[in-house]
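Asks: Below is the structure, and that's it, no one-letter string:
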């Protein structure tokens, strides 16, 4: 995989990772109620769940590639349209996930429970499979070993997901207070939504010129 391709994948992946969602809220909550260590274990559980989800997406895409090159090309166009849809929905969202109250912990949650909690949050979101299915084909070169490319993309997403979640954990108090103030979370939704739409339109424009 060329460095420019990897950097482009990283840029769009970071937008998805940084945008506050269930995994971020879980990390912040566990940090505030159970401490840093338990929050790290929930983050490890989350990236394990991401591996499961991305593997499922990769297996499905592998079957599509074996069945038909044309079908795979059509899937890439669908993926671009889906990214545009995600961007529009993200931009229009007025939901601030950090406004949810964090209850005081009534028990000492173990590391195993924290790990399982993070795992379930990742694999219980069916939208994640759609996201990976839409994102992966844009960076796969059929003329090169497919599995290696999947591994590179998956490990990249997992590594930076863990890095961002731990960053949220370390700054849990200030992060929650910062996002809860005013319309900051809404503006973050709009910025990330605009990037998704721009990325999707760029893919469609490139494909139309290449057709």
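Replies: Looks like it arrived, so ask away. All values reported here derive from a predicted model rather than from experimental measurement.
Asks: So which elements touch the longest helix along the chain?
Replies: Longest helix of the chain, by residue count under DSSP state H: helix 36-67. With contacts taken as 3 or more C-beta pairs under 8 Å, 6 or more residues apart in numbering; DSSP states H and E, helix 36-67 sits against helix 22-34, helix 69-92, helix 111-123, helix 126-135, helix 146-170. C-betas here are computed from N, CA, C, even on glycine.
Asks: That one relative to helix 111-123, how many degrees between them?
Replies: Using axes from the mean of the first three to the mean of the last three C-alpha atoms, to 10 degrees, the inter-axis angle of helix 36-67 relative to helix 111-123 is 40 degrees.
Asks: Buried residues of helix 36-67, list them for me.
Replies: Buried residues in helix 36-67, counted by 16 or more other C-beta atoms under 10 Å: 38-51, 53-54, 57-58, 61, 64-65.
Asks: now stretch 135-149
Replies: Those would be 135, 136, 137, 138, 139, 140, 146, 149, for stretch 135-149 by 16+ other C-beta under 10 Å.
Asks: can you pull the contacts of the second one?
Replies: The reference is to residue 136. Residue 136 makes contact with 54, 57, 58, 61, 79, 150, 153 under the criterion C-beta atoms under 8 Å, 6 or more residues apart in numbering.
Asks: can you check the first one too?
Replies: Taking C-beta under 8 Å, 6+ apart as the criterion, residue 135 is in contact with 9, 12, 13, 79, 83.
Asks: Repeat that for the fifth one.
Replies: Taking C-beta under 8 Å, 6+ apart as the definition of contact, the neighbours of residue 139 are 1, 5, 6, 8, 9, 149, 153.
Asks: Residue 18 touches residue 165, doesn't it?
Replies: No. Contact criterion C-beta atoms under 8 Å: residue 18 and residue 165 do not qualify, at 10.2 Å.
Asks: on that earlier part again, including distance to residue 199 and mean pLDDT, could the helices and strands packed on helix 36-67 go into a markdown table?
Replies: A markdown table is the format used below for the helices and strands packed on helix 36-67 (distance: least, C-beta to C-beta, whole Å; pLDDT from 0 to 100):
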| stretch | distance to residue 199 | mean pLDDT |
| --- | --- | --- |
| helix 22-34 | 21 | 73 |
| helix 69-92 | 6 | 72 |
| helix 111-123 | 23 | 81 |
| helix 126-135 | 9 | 72 |
| helix 146-170 | 15 | 88 |
